[in-house]
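> any chance you could fold what I've pasted below:
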Amino acid sequence: MPLPQREYEAVCARIDAGEPQSQDLRAATKHLLALLAAKAPGHSVEVRVPPYAAVQVVAGARHTRGTPPAVVELDAQTWIALARGAVTWSDAAAQGRIHASGERSDLSQWLPVG
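Numbering: from 1, shown residues only. Presented below is the predicted three-dimensional model:
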């Protein structure tokens with residue numbers, strides 16, 4: 001579930017100041033993943049941001065057991081930068097900051113989310 005706007009802005013201010021704490025990264029990660037899920041509903045791609053959260057998004061075949069057919073895994077700071085538009089999908093991928101496999105795992109058409 002997304003954060004209230006004021007709370008999200010306060011979290012982003014701490015992140016932008018270079019002083020994020022674990023709870024800031026967790027809150028921003030979950031908030032931005034909730035926005036992605038609303039923007040790209042579905043269950044064909046699992047987006048993992050360990051250790052904070054994971055969500056299934058993008059319309060297509062529903063995943064029910066085992067490893068999903070498409071997985072995107074990245075760290076919280078990369079996810080937050082992508083979701084806020086501070087870095088592009090192609091740049092982050094070229095830098096090796098995104099681990100994506102499977103059909104529909106390129107999320108660039110849904111970014112930024114907020």
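> would you mind listing the buried residues in stretch 21-37?
24-37 (16 or more other Cβ atoms under 10 Å). C-betas here are computed from N, CA, C, even on glycine.
> what do you get for stretch 75-88?
Buried residues in stretch 75-88 (16+ other Cβ under 10 Å): Asp75, Ala76, Gln77, Thr78, Trp79, Ile80, Ala81, Leu82, Ala83, Arg84, Val87.
> how near is Arg104 to Glu46?
11 Å (Cβ to Cβ, to the nearest Å).
> hey, what's in contact with both of those two?
Counting by Cβ atoms under 8 Å, 6 or more residues apart in numbering, the shared contacts of Arg104 and Glu46 are Ala70.
> quick check: next helix or strand after the longest helix belonging to the chain?
Selection of the longest helix in the chain by residue count, based on DSSP state H, yields helix 22-39. Once helix 22-39 ends, the next helix or strand along the chain (criterion: DSSP states H and E) is strand 45-49.
> show me what that following strand is packed up against.
Here strand 45-49 touches helix 22-39, strand 53-57, strand 71-74, helix 76-84, going by 3 or more Cβ pairs under 8 Å, 6 or more residues apart in numbering; DSSP states H and E.
> give me the residues contacting the shortest one.
Here strand 71-74 makes contact (Cβ under 8 Å, 6+ apart) with 45-50, 82, 92, 97-102, 105, 107.
> of those, just the buried ones, PyMOL syntax please.
Only the buried entries of those go into this PyMOL selection, using 16+ other Cβ under 10 Å:
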select buried, resi 45+46+47+48+49+82+92+97+98+100+105+107
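> can I take it that Gly18 is in a strand?
No - judged by DSSP: H, G, I helix; E, B strand; the rest coil, Gly18 forms no part of a strand; its state is coil.
> what's the burial count for it?
When neighbours are defined as other Cβ atoms under 10 Å, Gly18 has 6 of them.
> please report the distance of it from Leu111.
For Gly18, the distance to Leu111 - Cβ to Cβ - is 22 Å.
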